[in-house]
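Asks: got a structure for you, letters missing:
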């Protein structure tokens, strides 16, 4: 029962990511036909920021963003290309976890930022190349573990046979929920 519930939840979350990536990708293409390139960038960023297993729309949006950066750079529009680079890098950093959906794009962009800054004659400190702080692995692992324990203890509290077991599992659920929130803060 627990595994079926978990799989159903994962399916719903994946379907949500796929649907909204498709919506934003399509809205970006419509904006491109109108020539509204700022909206195109924003819509494609929204689409790419929802990677999930079996989500081709997020991958396509990231591919289009990288293509946009290359086109802007080829046209000599270095400030706009740099803005797209920072957007891509932010998406890569924000969506990296146990595996990275965009490791290739992240490697490409990290080399482009100093090059574009040099073309513009701007000195960007190396710490500015990364807009998002890195994920702290130890806290992320503890957050995932406490989340799993929270879900398991909540289900055990709901389905517990005796009143004493339900109360005990309820307290475990409360403590693991608070630990999950704490570790999310540090991750």
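Replies: Good, I have the coordinates. Note that the structure is predicted; figures quoted are calculated from it, not measured.

Asks: residue 171: how many residues sit nearby?
Replies: Using other C-beta atoms under 10 Å, residue 171 has 12 neighbouring residues. Backbone N, C-alpha and C define where each C-beta goes, glycine included.

Asks: nope, residue 88 is what I meant
Replies: Other residues close to residue 88 by other C-beta under 10 Å number 26.

Asks: does it touch residue 110 like I think?
Replies: No. If you go by C-beta atoms under 8 Å, residue 88 and residue 110 don't touch, sitting 9.8 Å apart.

Asks: packing partners of the lengthiest helix in the chain?
Replies: For the chain, the helix with the greatest residue count under DSSP state H is helix 2-34. Applying 3 or more C-beta pairs under 8 Å, 6 or more residues apart in numbering; DSSP states H and E, we find helix 2-34 packed against helix 37-48, helix 56-74, helix 137-159.

Asks: mean confidence score for that helix?
Replies: Averaged across helix 2-34, pLDDT comes to 88.

Asks: low-confidence ranges, the chain, go.
Replies: Low-confidence segments of the chain, defined by pLDDT under 70: 2, 97-98, 125-137, 187.

Asks: report the central residue of it.
Replies: Central residue of the chain (C-alpha atoms, centre = their mean): residue 95, 2.8 Å from the mean position.

Asks: I'd assumed residue 105 was in contact with it.
Replies: No. Counting by C-beta under 8 Å, residue 95 does not reach residue 105; the two are 10.5 Å apart.

Asks: just the helices and strands packed on helix 2-34: most buried one?
Replies: Looking across these with neighbours counted as mean count of other C-beta atoms under 10 Å, the highest average goes to helix 37-48: a mean of 21.

Asks: how far off centre is that helix?
Replies: 15 Å (C-alpha atoms, centre = their mean, to the nearest Å).
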